[in-house]
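K.L.:
Prediction below, plus the sequence it came from.
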Amino acid sequence: MKVGGQHFRTIWLNPENERLVQLIDQRFLPHRFVIEEVSTVAQMATAIREMHVRGAGLIGASAGYGMYLATIEAAGSGSFDEHVVNAAAQLKATRPTAVNLTWAIEWQLTSIAKGKTAQHKIDLALRTARRIAAEDEEHCRMIGQHGLKLIEQIARTRDGKPVNVLTHCNAGWLAFVDYGSALAPVYAAHDRALPVHVWVDETRPRSQGSKLTAWELGQHGVPHTIIADSAGGHLMQRGAVDLVIVGSDRTTCTGDVANKIGTYLKALAAQDNEVPFYVALPSSSFDWTIRDGSEIPIEERGAEELKRADGWRDGQMLEVSVAPEDSPAANYGFDVTPRRLVTGLITERGVCKADEKSILELFPEHAS
Ligand code: MRU
């Protein structure tokens with residue numbers, strides 16, 4: 001997607017030195033556009049854990065490049081295999097909910113194991129890191145094309161008035177390598193000159209909606225409005241939301257969806273107001289081993305994310321306290337929306353119902 005008219009992906013290799021990974025450091029958006037250079041597994045683990053990079057697809061792609069860096073490090077260490085296994089464990093421990101992390105690391109471990117020499121293993125890891133990133137990009141592009149048909153259908157009933165989409169958190173291109181999941185259909189519609197407007201949930205405590213989703217929609221010229229996290233139900237009651245599209249960090253093979261905390265409440269409000277509630281995800285975000293959403297590990301992050309807020313003033317990032325210092329705070333990162341509240345899943349192979357039979361019809365290779 002474009003930043004200031006120039007095309008960017010969220011992660012890439014330094015064209016002058018392919019042993020360096022470059023990524024957009026999202027902690028500084030929307031105020032500053034910062035590119036970070038990462039050359040070690042430890043740096044990549046920090047970038048994922050501290051959310052310089054975040055979002056299911058980008059976490060997977062970052063882990064893929066992290067494993068490539070692991071092979072470079074391993075070649076200079078006493079024991080190649082041990083170094084790679086430790087690096088995999090270090091990266092896997094960074095964030096528990098997005099299944100793309102494990103998926104990418106497992107893919108890398110299988111590829112690296114096929115190498116005959118250290119250099120061969122490095123080459124295979126590089127090729128796999130590139131494939132993980134390229135697949136993420138292509139799958140998101142396809143999600144855009146399938147989701148576009150849903151927006152087109154609604155647009156035909158709107159008499160030229162904008163289709164109003166509500167989204168939660170950031171499942172745009174910043175959460176993937178490019179295009180995004182939930183926002184890919186929105187970009188596809190906008191690029192086809194269909195009038196579309198996005199209600200952007202602020203998404204406390206880290207404000208991925210107001211900081212990231214609003215920024216990337218603005219860069220692409222898509223009309224949008226930031227709303228408080230609790231405003232969605234009110235807007236649905238007033239008929240101001242035509243459909244909800246959210247992303248997913250992990251979806252069970254039966255259709256239960258883990259996504260950013262607060263998603264479940266949007267799904268409840270959508271059902272009560274008969275607003276279609278879609279989840280957009282590449283197949284890398286399915287967990288084929290889990291049948292019930294209650295088994296999905298839910299990340300709990302530090303209380304400081306709730307008790308502090310940061311912002312920008314006079315060219316500087318400032319952090320302020322927004323809660324009593326002595327009050328405890330519990331910071332759950334994700335919740336699970338049960339499949340019965342999901343109208344459909346938008347995947348790279350098409351749209352299906354959120355149930356096991358429909359999911360496996362699209363992805364028959366996962367039927368046991
Ligand atoms: O904690 P984050 O920012 O990594 O959370 C991920 C998300 O942005 C959302 O949950 C998103 O909707 C799914 S990832 C595309």
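P.N.:
Good, I have the coordinates. Numbers count the residues shown, from 1 in each chain.
K.L.:
Would you check how far apart the most centrally placed residue in the chain and the ligand are?
P.N.:
Nearest to the mean C-alpha position of the chain, counting by Cα atoms, centre = their mean, stands G55 at 2.8 Å. To the ligand, G55 is 4 Å away according to Cβ to the nearest ligand atom, to the nearest Å. In short, each C-beta sits where N, CA and C put it, glycine included.
K.L.:
what's the answer for I59, then?
P.N.:
With Cβ to the nearest ligand atom as the criterion, I59 and the ligand are 6 Å apart.
K.L.:
Could you confirm that residue falls within a strand?
P.N.:
No - counting by DSSP: H, G, I helix; E, B strand; the rest coil, one finds I59 to be helix, located in no strand.
K.L.:
okay, the nearest residue to L362 once chain neighbours are set aside: pLDDT?
P.N.:
Nearest in space to L362, with sequence neighbours left out and distances taken as Cβ to Cβ, 6 or more residues apart in numbering, is R349 at 4.6 Å. R349 is assigned a predicted lDDT (pLDDT) of 98.
K.L.:
now the spatially closest residue to the residue nearest to the centre of the chain that is not a sequence neighbour: how far from D272?
P.N.:
Distances taken as Cβ to Cβ, 6+ apart place A175 nearest to G55, at 2.3 Å, with adjacent residues excluded. Here the distance between A175 and D272 works out to 28 Å (Cβ to Cβ, to the nearest Å).
K.L.:
neighbour count winner among the two?
P.N.:
More crowded of A175 and D272, by other Cβ atoms under 10 Å: A175, with 30 against 11.
K.L.:
residue contacts, the more buried one?
P.N.:
Taking Cβ atoms under 8 Å, 6 or more residues apart in numbering, we find A175 in contact with 54-58, 181, 212, 247.
K.L.:
Compare these and tell me which is most surrounded.
P.N.:
Going by other Cβ under 10 Å, G57 tops these with 34 neighbours.
K.L.:
Run a quick neighbour tally on the residue lying closest to it once chain neighbours are set aside.
P.N.:
Closest residue in space to G57, ignoring its immediate chain neighbours: F176 at 3.4 Å, by Cβ to Cβ, 6+ apart. Using other Cβ under 10 Å, the number of residues around F176 comes to 32.
K.L.:
So I105: helix, strand or coil?
P.N.:
Recorded secondary structure, I105: helix (three-state DSSP).
K.L.:
That one against L91, yeah?
P.N.:
Yes - using Cβ atoms under 8 Å, I105 is in contact with L91, at 5.9 Å.
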